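any chance you could fold what I've pasted below:
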Amino acid sequence: MIGRVLIAGGGIAGLALATALRHRGLDAVVAEHTSAPARSGAGLVLAPNAMKALHSIEPGLAAAVRAAGRPSGVRGSTGHRTPFLDARGRELGRVSFDGFEERWGQPAVAILRADLHAVLLDAAKAAGAELVPGFTAQRYSGDSASIELVASDGRGLRGDVLVGADGLRSAVRRSLVGPGEPRYRGITAVRGTGVAPEAHPDGFIAYGRGIVVFAAGVGDGRVYWVASMAARRGEWPRRPAAEALRLVRDRLCTWDPAVRQVVATAGDAGCVVTDVFDRPPSRTWHRGRVALVGDAIHPMVYTLGQGAGMALEDAAVLGVRLSTAETWESALAGYAAERSARAAKVARQSRMLGRVAHVRSPSGAALRDAVLRIVTRTTGGGRQNAALFGWSPPC
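Here you go, the predicted model:
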């Protein structure tokens, strides 16, 4: 009998899982090392599969995210366009989100990460999850009757099952599968918010040699943007935000004015600079009373925009498994069997797209641009997304 689930980490996966468990009658305890998330310009686009996961966790959760972000492809709406551009602003192709809700069951929603976290936190509190701030998970120990999560200051929490949702360098993962650093993928990212260009109010993706600039409209005439660049590990994160912004603007000085505008109008206060990591797919998703979700098990390069989506799918599936299985053993085994192959495939695709998008050579960039022209103009973003967006949550 499963009664009390410990969740290490109060990010996207952890809070979504806590809400799922509470709505299915289980006790959920979220242990998070910070007291409040930092407010920044980092954002993301939740694709229809991510929105379906939220709706399956609690219908009001999906509605709240739609209200907090900027939905595209809402039933009956038209006119969305995201162009693929070269550095001069010439269109390589375009995709549209029109018809997403009719076809996939949910629209796509662009939202700032801090706003998404706030919605998830409110939902977990409203559902009655127990939140334990200032708890830095260090290790766990278990016996035949329960599992204990231990903090760096010696405090402990005890429950029936432990879920590691503590991110890229998860302490729970380290205890579960042993030490091992994530792999740097040769890309660094500078993120922020800026003014939406008049020519591309829905956003754009612009490709250069060794650099890609992505922007998505988040409402009120604003976009969140990411400038991702091939770089040596640690070269950019050690810089102050103001310096990183200046260097990005220098890199874009000959680019199309509409692309330059989103970075030129950004403030360094909300700027985030991070190197990009992932891990090879793991065969160990659970052991004993312990399982992993989100970045703790499958961190991925963000080029497919599915890191949060896979985390939310994890939460939806594990919430159902823990609340319907007769034993925790069958719940965790069923969760791993259902999630491992899909997450591994998406991680591999994301890594490959990251390599292709950030090619540095003139010939490589020309080939990439030619492929983009063919793919976007012949498929319109439909067929290649069917496996991603067509996912259905468990009942």
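
could you pick out the longest helix of the chain?
Taking DSSP state H as the criterion, the chain has its longest helix at helix 328-357.

any idea of the mean pLDDT in that one?
The pLDDT scores in helix 328-357 average 96.

next SSE downstream of it?
For helix 328-357, the succeeding helix or strand toward the C-terminus, using DSSP states H and E, is helix 362-379.

buried stuff in that next one?
The neighbour-count check on helix 362-379 (16 or more other CB atoms under 10 Å) flags Ala365, Arg368, Asp369, Leu372, Val375, Thr376 as buried. C-beta coordinates here come from the backbone N, C-alpha and C atoms, glycine included.

who does it touch, helix- and strand-wise?
If you count contacts as 3 or more CB pairs under 8 Å, 6 or more residues apart in numbering; DSSP states H and E, helix 362-379 packs onto strand 82-86, strand 91-95, strand 203-207, helix 328-357.

which one, of the ones you listed, ends up nearest to Ala137?
For those, proximity to Ala137 was assessed by CB to CB; helix 328-357 is nearest, at 18.3 Å.

just to revisit the earlier point, closest to Tyr184 out of the helices and strands packed on helix 362-379?
When the helices and strands packed on helix 362-379 are compared by CB to CB, helix 328-357 sits nearest Tyr184, at 11.4 Å.

give me the buried positions along the closest one.
Residues 328, 331-336, 338-340, 342-344, 346-347, 349-351, 354, 357 are the ones in helix 328-357 that count as buried (16+ other CB under 10 Å).

ok so, going back, for the longest helix of the chain, name the packing helices and strands.
Partner elements for helix 328-357 (3+ CB pairs under 8 Å, 6+ apart): strand 161-164, strand 183-195, strand 272-278, strand 286-287, strand 290-292, helix 307-324, helix 362-379.

out of the ones you listed, deepest packed?
A comparison of the helices and strands packed on helix 328-357 by mean neighbour count, using mean count of other CB atoms under 10 Å, puts strand 161-164 on top with a mean of 30.

pull the CA atoms of that strand into PDB?
Extracted in PDB, the C-alpha atoms of strand 161-164 (Å, rounded to 0.1, in the frame of the first residue of the first chain):
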ATOM      1  CA  VAL A 161       8.400   5.900  -2.100                       C
ATOM      2  CA  LEU A 162      11.100   8.500  -3.000                       C
ATOM      3  CA  VAL A 163      11.100  10.300  -6.400                       C
ATOM      4  CA  GLY A 164      14.200  12.100  -7.400                       C
END
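
now it: mean pLDDT?
Averaging pLDDT along strand 161-164 gives 98.

how about stretch 279-297?
pLDDT averaged over stretch 279-297 gives 95.

and that stretch, how far apart are its ends?
8 Å (CA to CA, to the nearest Å).

stretch 76-93 too?
End residues of stretch 76-93 are separated by 24 Å (CA to CA).

grab the most central residue of this structure for me.
For the chain, the residue sitting closest to the mean C-alpha position, by CA atoms, centre = their mean, is Ala308 at 2.6 Å.

shaky segments in the stretch 1-150 of the chain?
35-41 (pLDDT under 70).

circling back: do you know which of the helices and strands packed on helix 362-379 lies nearest Ala124?
Set against Ala124 and scored by CB to CB, these come closest in helix 328-357, at 19.6 Å.

neighbours of Pro59, just the number please.
Pro59 has 11 neighbours, counted by other CB atoms under 10 Å.

what do you get for the one 4 residues further on?
Other residues within reach of Ala63, judged by other CB under 10 Å, total 13.

over to Ala199?
Burial measure for Ala199: 14 neighbouring residues, criterion other CB under 10 Å.

got it, and Gly10?
Neighbours of Gly10 under the rule other CB under 10 Å: 27.

ok, now which ones touch it?
For Gly10, the contacting residues are Val30, Ala31, Glu32, Thr34, Leu121, Leu131, Pro133, Ala165, by CB atoms under 8 Å, 6 or more residues apart in numbering.

can you give me the strands in the stretch 1-150 of the chain?
Counting by DSSP state E, counting those that start in this stretch, the stretch 1-150 of the chain has strands at residues 4-8, 27-32, 43-46, 70-72, 82-86, 91-95, 108-112, 130-133, 137-142, 147-151.

could the ones you listed go into TSV alongside mean neighbour count?
As requested, those are arranged in TSV below (neighbours: other CB atoms under 10 Å):
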stretch	mean neighbour count
strand 4-8	28
strand 27-32	24
strand 43-46	26
strand 70-72	23
strand 82-86	22
strand 91-95	19
strand 108-112	25
strand 130-133	16
strand 137-142	18
strand 147-151	20
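
quick revisit: and the contacts of Gly10 as TSV, adding distance to Gly99?
What follows is the contacts of Gly10, written out as TSV (distance: CB to CB, whole Å):
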residue	distance to Gly99
Val30	37
Ala31	42
Glu32	38
Thr34	39
Leu121	32
Leu131	39
Pro133	42
Ala165	33
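
looking at those, which one is closest to Ala53?
Checking the contacts of Gly10 against Ala53 by CB to CB gives Ala165 as the nearest, at 14.4 Å.

gap between the closest one and Gln106?
Separation of Ala165 from Gln106 (CB to CB, to the nearest Å) stands at 23 Å.

same check, this time on Gly43
Distance from Gly43 to Gln106, by CB to CB: 18 Å.

start to end distance for stretch 174-190?
This stretch, stretch 174-190, spans 28 Å end to end (CA to CA).
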